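*Asks:* Everything below, folded, please.
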Amino acid sequence: MITSLLNDARTQVVLWRNSLATYWQLDAKDHLPFYAMIGLPAVCVMGIICFAWLDGTRVEAPGVPSVSREALRAQRRENDLQCLAENIYFESRGEPLKGQYAVAEVTLNRARSAHFPHTVCGVVHEMRWDPVRKRPVADFSWTELGALSPDDDLAWKRAMTVATETYDDVHDPVVPGALFYHSTSVRPPWARSRKALTTIGNHVFYR
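*Replies:* Down below sits the predicted model:
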């Protein structure tokens, strides 16, 4: 587009030069049209160049939002994986590897459910009002202990691997559709209304 407009501008300059030579030979330089011929082509050329420049900027502009979207998606993924790995680490780092995948699946299943927050971090840090204790309580108890930082050890690396593979759906589901689990050492009231799927390590998983 820009190349075509510039070629047109060059053509107009050649035509203007030839017309100017003709007027000069006819001794018309004392007439008003002669001066109009001098100024008008210059204005036209400048207009074509400005239009070409503005058109070029419009062509490039749509690329900016797509870059921003990619950056937002990358940041969202990074946040999701951090929260998911932390939940795996603090909830099940002492459990069998299968149990860690199960905890990851419950976390992601909740994020995809209409009854829970729609982000992984929202699910992990969700608080609910407990009428018995008369205070907000966390679905995952470790989040009530304040800001915890996992040690950069083998258990954390394993949790991050489990989080990434589950997040990217490259690991076969262990507890398909599971939304709840609890320790085998307790029996919460809500368990009576849920369908138990399996017991892995020290956790019972429910749909």
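*Asks:* Now do the helices in this structure.
*Replies:* 2-25, 32-60, 63-92, 97-111, 120-124, 154-167 (DSSP state H).
*Asks:* tell me the contacts of His115?
*Replies:* Residues near His115 by C-beta atoms under 8 Å, 6 or more residues apart in numbering: none. Every C-beta, even on glycine, is put in place using the N, C-alpha and C of the backbone.
*Asks:* quick one, phi/psi of it?
*Replies:* phi -100, psi 10 (degrees, to the nearest 10).
*Asks:* Can you tell me how far it is from Asp168?
*Replies:* His115 sits 24 Å away from Asp168, going by C-beta to C-beta, to the nearest Å.
*Asks:* any weak-confidence spans in the protein?
*Replies:* Within the chain, the segments meeting pLDDT under 70 span 1-66.
*Asks:* One more pass at 80, please.
*Replies:* Scanning the chain for pLDDT under 80 picks out 1-67, 147.
*Asks:* Break this protein into its domains for me.
*Replies:* Using automatic domain parsing, the domains assigned to the chain come out as 2-60, 65-206.
*Asks:* What sits closest to Thr143 if chain neighbours are left out?
*Replies:* His125 (5.3 Å; C-beta to C-beta, 6 or more residues apart in numbering).
*Asks:* didn't that neighbour look like it was pressed against Ser141?
*Replies:* No: under the criterion of C-beta atoms under 8 Å, His125 is not in contact with Ser141, lying 11.9 Å apart.
*Asks:* more crowded one of these two?
*Replies:* Using other C-beta atoms under 10 Å, the more surrounded residue of His125 and Ser141 is His125, with 17 against 11.
*Asks:* correct me, but Val162 touches Ile88?
*Replies:* Yes: if you go by C-beta under 8 Å, Val162 and Ile88 touch, sitting 5.5 Å apart.
*Asks:* Give me the more crowded residue out of those two.
*Replies:* Ile88 (28 against 23).
*Asks:* Would you confirm that that one contacts Ala104?
*Replies:* Yes: here Ile88 lies in contact with Ala104, judged by C-beta under 8 Å, at a distance of 5.4 Å.
*Asks:* what touches both of the two?
*Replies:* By C-beta under 8 Å, 6+ apart, the residues touching both Ile88 and Ala104 are Val162, Ala163.
*Asks:* is it true that Trp142 touches Phe90?
*Replies:* Yes: the pair formed by Trp142 and Phe90 meets the contact definition of C-beta under 8 Å, at 3.9 Å.
*Asks:* Neighbour count: the two, which is higher?
*Replies:* Between Trp142 and Phe90, counted using other C-beta under 10 Å, Phe90 has the larger neighbour count: 18 against 14.
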